[in-house]
Structure formats: C-alpha cells, structure tokens
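Asks: Just the structure for this:
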Amino acid sequence: METLMTPDGRYLIVRGRLWRATNPDLDEQRRDELVHALMDARRAVKAAKASADGEALAAARRAVNTAKVGLGERGPVWWTDGSPDLNRRMISNTPYADWFNSVSA
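Replies: Predicted coordinates:
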C-alpha cells in the first residue's frame, strides 16, 4: 500500500492523522546516516524495554528524538513559508481536510 502524502509534501497520512515527512532538502548521504541512526536507536529502545533498563531506555529514546529532529520529522519545521506545524493532528481538523476527502472518496 502506497503512503499518501499531502500535496505540499509536508506530511504523510496514516489512519487519518498527519505525520511530518522527512525534510526533502537533506542530501541522500545525510538522510541515510540519520535513518540508520534512527533504526539503531529504535532497536536500542526495544532492547532496553526487554531488559527493563530505565537508563538505557531513556538514552535510546533521546537517540530516537535526535535522529527524528535531524530528519526534520520533529523540532523546527523545515519549510520557510510560515505555515504552522500540524504534526499528529487528525487531517479532518486541518486545512487539508477538503483535499483529503476528495482523494479518499
């Protein structure tokens, strides 16, 4: 199943909710480095949960956040037109609602 993105490329739509997309201006090498760091951090979260290591879990979650900020999925928005960040909002409560209804009909 193909992931639906908003027309401006800022958000992925998952189960009716907007999730900020990766900054398209990142060069491919940097993006790959950050994606690998994110996957490593997610594996570390899983391992820390399995071992009930609270300190390791906190460190792994910080690493996930750092990678996501680097990718542009969290932190300051990567677009420059002043539009607000609608991350994690239901699409029906955003300016994308009419567009979404027209493409999902």
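Asks: tell me what the biggest helix by length in the chain is packed against?
Replies: As assigned by DSSP state H, the longest helix anywhere in the chain is helix 28-51. Here helix 28-51 touches helix 54-71, going by 3 or more Cβ pairs under 8 Å, 6 or more residues apart in numbering; DSSP states H and E. Heads up, the C-betas are built off the backbone N, CA and C, glycines and all.
Asks: Give the buried residues for the following helix or strand past the helix it packs on.
Replies: As assigned by DSSP states H and E, the chain's next helix or strand after helix 54-71 is helix 97-104. In terms of neighbour count (16 or more other Cβ atoms under 10 Å), helix 97-104 has its buried residues at Phe100.
Asks: And the residue nearest the centre of the chain, how far from Asn87?
Replies: For the chain, Glu73 is the residue whose C-alpha lies nearest the centre (Cα atoms, centre = their mean; 3.8 Å). Remark: distance between Glu73 and Asn87 (Cβ to Cβ, to the nearest Å) = 8 Å.
Asks: overlap in contacts of these two?
Replies: Taking Cβ atoms under 8 Å, 6 or more residues apart in numbering as the criterion, Glu73 and Asn87 both touch Trp19, Arg20.
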